[in-house]
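Undergrad: Here is a sequence with its predicted model. Questions after.
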Amino acid sequence: MRLHSGIRIGAVLAASALLVTACSGGGGSAGGSTAGSTGGSTAAGGKVDLTFWTWAPGMDAIVAKWNAENPNIQVTVNKQDGGDPAVTKLLTAIKAGSGAPDVMQTEYQKIPTLVSSDALADISGDLPKDLKSHYSDGTWQAVTLGGDQVYGVPQDSGPMEFYYRTDIFQQYGLTVPKTWDEYAQVAAKLHAADPTKYLGTFSATDAGWFTGLAQQAGASWWGVDGTAWSVNIDSAATQKVAKYWGDLVEQGVIDNKPMYTPEWNAALNDGTQAGWVSAIWAPGVLQGNAADTKGKWAMAPLPQWNAGDNATGNWGGSASSVTSQSKHKAEAAKFIAWMNSSQEGVDILAKQGGLYPADLPGQSEALSAPPAFFPQQTDFYKTAADIAKSVKPFTYGPNVNVAFSSYNDAFGKATQAKSSAAFVAAVKTMQDATVADLKNGGFTVKQ
Amino acid sequence: MNRATVATPNRGVRRHTGLRAYGYLAPAAVLFTLFLALPIVYALYLSLRTVKVKGLGLGRGARTEVWAGLSNYRHALVGDPDFLGSVGRVALYGLVLVPTMLGLALLFALLLDARGARARGFSRVSIFLPYAVPAVIASLLWGFLYLPRVSPFLYVAGRLGWPQPDVLSQQWVTFAIANIGLWGGVGFNMIVIYTALKAIPSELYEAARLDGASEAAIAWRIKVPVVAPSLILTFLFSMIATLQVFAEPMTLRPLTNTISSTWSPLMKVYRDAFTRNDIYSAAATSVVIALATFVLSFGFLRLVQRRAFSQENS
């Protein structure tokens, strides 16, 4: 507790409230209406300047290449802190009527929220006609929300896989689990052999991770039914996933501490966490957070619910979108189409950004060598490409933020309680909070 | 009326000085209006509004802002157990923190002021220094010290065979957060009390010593009563800061499952405004917190004022 911290927060709140007041007077109509959907706005001055909010690695390199080749459309990268703060900033700018960038990195699960706040422009008229064929159906649906409008061009995706320490598996004679039943057995065996070691952890701070696991089990948390939303978080599939992890936590065979803490980094580094249920971008995280373990990890498909199945979910991944305030929508659309679907762009995304490009035609050339942190797994990206095809469809709704923050609180309590029943109850809590929020906002919700 | 009778040759000059006074006042008045009064009025306005959505809520014009009456307030006070829960947690936090912090601050101030105290400047600065560390940095720092695997304290405790409690567990987490506030807050409060101690005329001490009072008796009978107004001031500051605790739990939150996103009232405001994108109910909760702070502060002042300041007034 600190007096000045209170004052500071008060000042920030007051200042942001003021910013909103100051700008909202003339706002609203300014956003987007002046920007024609045709490319005519370049004609007058010749040169167009675009701003680009992003937090993905390698964006400076890709923009430098574009700027060198397109002297008339110059892009400036504006680094953001990450998904949540950037969305907050964008929504504030939209409400204020000015201040939004032309191009914005948008995580897939945030797109419905942003569209519902009228923050993203429909760029279907400004994109090449064959662009749809570059992407898997699941990915394309994420940027169209299933309609004719297009709210972005997919950049990378995050199909989930299972990562494990080959040296520790060898030491304890463990086999790579192919089903979740086997995963539970391996987890129990490892923890019995060395009580300090865990095969994984259930993280109550990573809602996207749990969403991906529910997606693999066949859940799709939102749905559109005519002009009504449906919410299916509390479905049999999600309950199955929650009960499974709740049982493992209750038995104590996997850890219950959050991911992405200094504690977790140390555990990855010293082998206390011998496995990680993660996504395609995991090598970069391991390299940064557990530098001592280079060459000791391997990747395998996610364990399946039934032997012989072939399914996975997504954790992470983003598109690039044009905001509704951009005055140069056609140019911005041209830039993001080049960045995310030309071979030149995709190469830089993969090699300098370490991203897993969503663009299917460009993938094989861009991803010829395994990640630097996994030098021994030479078929890394071949395996990954097979897994990526098995991503189950999933629909996000307009209040993912509410569901996710409810996940943090409800599963935070459940993991702390180490009770399987509490895990299942937490799913119900999420469902109730999400439905209540939609109804409170005036959305039509189908029961 | 009166004005006619006071009319004198220097009336014009007086009006002139009146204008000038307004000129002097203007910068403060403008800043006050722009950065305090207007945002408060705007927050009040927002707290009475809400957004209504048509159908799927996608596309242009699907959202409209409408009057909500007092429904945001009703929801904050009655409909949402999160808010009352956060008030309860912060009350416990304040009960732990404020007495400990002010007790230590008073003790340190008295020790520094005692006759024969050595290395005063150094001690004063080292006790005060944590206050200069921003709360976010302090919380990150303590966060590392709390996490079992990276904490040097717990490492040493483990090596010595002592128990290694998980201070971020459910039963200890309030104390863990209060400890950060304590670390940062003692120095500030000590300086306030110490300054008041320095202002006591030394004749009082001489008189006491002639009467045979010990150092402890002087501290208890003279120093503490004289610095009572400072203690009241620091208590008031601490109470307000307790109600507004935010940075410490917010920074520790990603490290543990035990701090929810609505742990303190201000965290709930932050979640509603920036995670749920509902600035309307956030504004209503802010107004409730502000009102509660006013009532508690002025209630407390009324309660103690007569007793503490009576010597000065009489």
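TA: Received, thanks.

Undergrad: okay, and for the chain, where does confidence drop off?
TA: Just going to use chain A. Residue ranges of chain A with pLDDT under 70: A:1-45.

Undergrad: Chain B is the one I meant
TA: Scanning chain B with the threshold set as pLDDT under 70 gives B:1-16, B:59-60, B:307-314.

Undergrad: ranges for the strands of it?
TA: Taking DSSP state E, the strands of chain B run over residues B:49-53, B:63-67.

Undergrad: Nearest to residue B:156, out of the ones you listed?
TA: When these are compared by CB to CB, strand B:49-53 sits nearest residue B:156, at 53.8 Å. All C-beta spots, glycine's among them, are computed from the backbone N, C-alpha and C.

Undergrad: Can you say which of the strands of chain B is nearest to chain A?
TA: Nearest of these to chain A, taken as CB to the nearest CB: strand B:49-53 at 3.9 Å.

Undergrad: Give me the helices and strands touching that closest one, please.
TA: Here strand B:49-53 is seen to pack against helix A:420-441, strand B:63-67, helix B:279-313 when contacts are counted using 3 or more CB pairs under 8 Å, 6 or more residues apart in numbering or on different chains; DSSP states H and E.

Undergrad: In the sheet, which strands lie alongside it, parallel or antiparallel?
TA: Strand B:49-53 pairs in its sheet with strand B:63-67 (antiparallel), by DSSP bridges.

Undergrad: hmm, back to that, closest to residue A:417 out of the strands of chain B?
TA: Distance to residue A:417, taken as CB to CB, is lowest for strand B:49-53 among the strands of chain B, at 34.6 Å.

Undergrad: The closest one vs helix A:420-441, what angle?
TA: 90 degrees (axes from the mean of the first three to the mean of the last three CA atoms, to 10 degrees).

Undergrad: Any idea which of the helices and strands packed on strand B:49-53 gets closest to residue B:75?
TA: Among the helices and strands packed on strand B:49-53, helix B:279-313 comes nearest to residue B:75, with 6.0 Å by CB to CB.

Undergrad: Tell me which other helices or strands the closest one touches.
TA: helix B:38-47, strand B:49-53, helix B:71-74, helix B:228-243, helix B:265-270.

Undergrad: Rebuild these as a markdown table, extending it with distance to residue A:353 and mean neighbour count.
TA: Listed next are the helices and strands packed on helix B:279-313 as a markdown table, based on distance: least, CB to CB, whole Å; neighbours: other CB atoms under 10 Å in any protein chain shown:
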| stretch | distance to residue A:353 | mean neighbour count |
| --- | --- | --- |
| helix B:38-47 | 40 | 18 |
| strand B:49-53 | 36 | 18 |
| helix B:71-74 | 43 | 18 |
| helix B:228-243 | 43 | 20 |
| helix B:265-270 | 31 | 24 |
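
Undergrad: For the most centrally placed residue in chain B, give its distance to residue B:93.
TA: Per CA atoms, centre = their mean, the C-alpha nearest to the average position across chain B is that of residue B:241, at 1.4 Å. Distance, residue B:241 to residue B:93, using CB to CB, to the nearest Å: 11 Å.

Undergrad: Residue A:108 now?
TA: 38 Å.

Undergrad: Quick one: the strands in the stretch 301-447 of chain A, in order.
TA: With DSSP state E, counting those that start in this stretch as the criterion, the stretch 301-447 of chain A has strands at A:314-322, A:445-446.

Undergrad: now for those, which one comes closest to chain B?
TA: The closest of these to chain B is strand A:445-446. By CB to the nearest CB, the value is 10.5 Å.

Undergrad: Give me the residues contacting that closest one.
TA: Residues from elsewhere that reach strand A:445-446 (CB atoms under 8 Å, 6 or more residues apart in numbering or on different chains): A:225, A:228, A:229, A:230, A:231, A:435, A:438, A:439.

Undergrad: For the closest residue to residue B:56 other than its chain neighbours, which residues are in contact?
TA: Nearest non-adjacent residue to residue B:56, counting by CB to CB, 6 or more residues apart in numbering or on different chains: residue A:227, 5.7 Å away. Residues counted as contacts of residue A:227 (CB under 8 Å, 6+ apart) are A:444, B:55, B:56.

Undergrad: Please apply the same query to residue A:216.
TA: Contacts for residue A:216 were tallied using CB under 8 Å, 6+ apart; they are A:160, A:302, A:305, A:311, A:312, A:313, A:392.

Undergrad: measure it to residue A:304 for me?
TA: Taken as CB to CB, the span from residue A:216 to residue A:304 is 8 Å.

Undergrad: Now do the shared contacts for the two.
TA: By CB under 8 Å, 6+ apart, the residues touching both residue A:216 and residue A:304 are residue A:311.

Undergrad: that older thread, TSV for the helices and strands packed on strand B:49-53, including mean neighbour count and distance to residue B:17?
TA: Below are those laid out as TSV (neighbours: other CB atoms under 10 Å in any protein chain shown; distance: least, CB to CB, whole Å):
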stretch	mean neighbour count	distance to residue B:17
helix A:420-441	20	57
strand B:63-67	12	47
helix B:279-313	16	32
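
Undergrad: Next, format the ones you listed as a markdown table and append distance to residue B:195.
TA: Rendered in a markdown table, the data for the helices and strands packed on strand B:49-53 read as follows (distance: least, CB to CB, whole Å):
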| stretch | distance to residue B:195 |
| --- | --- |
| helix A:420-441 | 50 |
| strand B:63-67 | 50 |
| helix B:279-313 | 17 |
